[in-house]
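**Q** what shape does this take:
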Amino acid sequence: MVLRRLLRKRWVLGVVFGLSLIYFLTSTLKQEERTIRDRTLLEVRDSDHHIQWNVKFNLGNSSRQISQCRNSIQGKNLLTDELGYVCEREDLLVNGCCNVNAPSTTQYVCKSCLANGCCSVYEFCVSCCLQPDKQPLLERFLNRAAEGFQNLFTAVEDHFELCLAKCRTSSQSVQHENTYRNPQAKYCYGESPPELQPV
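**A** Sure thing, here's the model as predicted:
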């Protein structure tokens, strides 16, 4: 009852409106500052951002032990490590690398990949993308990356991260936002999107 009477007074409504307006303006200004800061960061990073193409260690050419490996993590059965090896989850070593002595472990697997760089298995896409001979293709892609992809690809530090990001399904892999252009080959590292398959 008292609250209802208090809310009917104009000065209370004026205070509520004023506080709402102040909150709205500060939120808008903070958002604009973040946008400007992100844009500036992007411009600064763009000019001096270079991808590391050479893998720091290569088990195939060295007897050196590796302390840590990054891998694709998400696969239910298969994983790809940053050296391009694909292995079954149970063949993953504690340091994150695939056990190269396991019979099912292979490097630079393009088993399910088409000529356009689209694959049916995410881990094979990443592994195939990590082949050293794919570097010119990826460099061309980075040089022509659309503005919409700049946030994603300027955050990439090396060849492995680029392949992880490039092989994830993207808007290029779908049509009408709800169906894959090619459900059998939806993970792509190539320059062009998957070919449109008839329904």
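
**Q** all helices of the protein, in order?
**A** 2-8, 10-48, 122-129, 135-143, 150-154, 159-167 (DSSP state H).

**Q** least reliable of those going by mean pLDDT?
**A** Of all these, helix 150-154 carries the lowest average pLDDT, namely a mean of 62.

**Q** measure the residue lying closest to residue 162 once chain neighbours are set aside to residue 135 for me?
**A** Excluding its sequence neighbours, the residue lying closest to residue 162 (C-beta to C-beta, 6 or more residues apart in numbering) is residue 156, at 4.7 Å. Bear in mind the C-beta positions are built from the backbone N, C-alpha and C, glycine included. In this structure, residue 156 and residue 135 are 14 Å apart, going by C-beta to C-beta, to the nearest Å.

**Q** who's more crowded, those two?
**A** Between residue 156 and residue 135, counting by other C-beta atoms under 10 Å, residue 156 is the more crowded of the two (19 against 16).

**Q** my guess is the more buried one meets residue 168, correct?
**A** No. In this structure, residue 156 is not within contact of residue 168 by C-beta atoms under 8 Å, at 11.9 Å.

**Q** which residues does residue 186 contact?
**A** 118, 120, 169, 173, 180, 194 (C-beta atoms under 8 Å, 6 or more residues apart in numbering).

**Q** need the worst-confidence member of those.
**A** Among the contacts of residue 186, residue 169 has the lowest pLDDT, at 68.

**Q** which residue is nearest the middle of the chain?
**A** residue 165 (2.9 Å; C-alpha atoms, centre = their mean).

**Q** tell me how many other residues crowd residue 94.
**A** Around residue 94 there are 6 residues (other C-beta under 10 Å).

**Q** likewise residue 197?
**A** Residue 197, neighbours per other C-beta under 10 Å, totals 13.

**Q** wait, it sits on residue 179?
**A** No. Counting by C-beta under 8 Å, residue 179 is not a contact partner of residue 197; they are 9.5 Å apart.

**Q** measure the residue lying closest to residue 98 once chain neighbours are set aside to residue 129 for me?
**A** Sequence neighbours aside, residue 87 is the residue nearest to residue 98 in space, at 3.5 Å (criterion: C-beta to C-beta, 6+ apart). Going from residue 87 to residue 129 by C-beta to C-beta gives 17 Å.

**Q** more crowded one of these two?
**A** Taking neighbours as other C-beta under 10 Å, residue 87 and residue 129 compare with residue 129 leading, 29 against 26.

**Q** what residues are up against that one?
**A** Contact analysis of residue 129 by C-beta under 8 Å, 6+ apart lists 117, 138, 162-163, 166-167, 189.

**Q** again, only using 10 Å
**A** 80, 84, 108, 110, 113, 117, 119, 135, 137-138, 159-160, 162-164, 166-167, 187-190 (C-beta atoms under 10 Å, 6 or more residues apart in numbering).

**Q** so what's residue 134 up against?
**A** With C-beta under 10 Å, 6+ apart, residue 134 has these contacts: 108, 110, 117, 128, 141, 159, 162-163, 166, 189-190.
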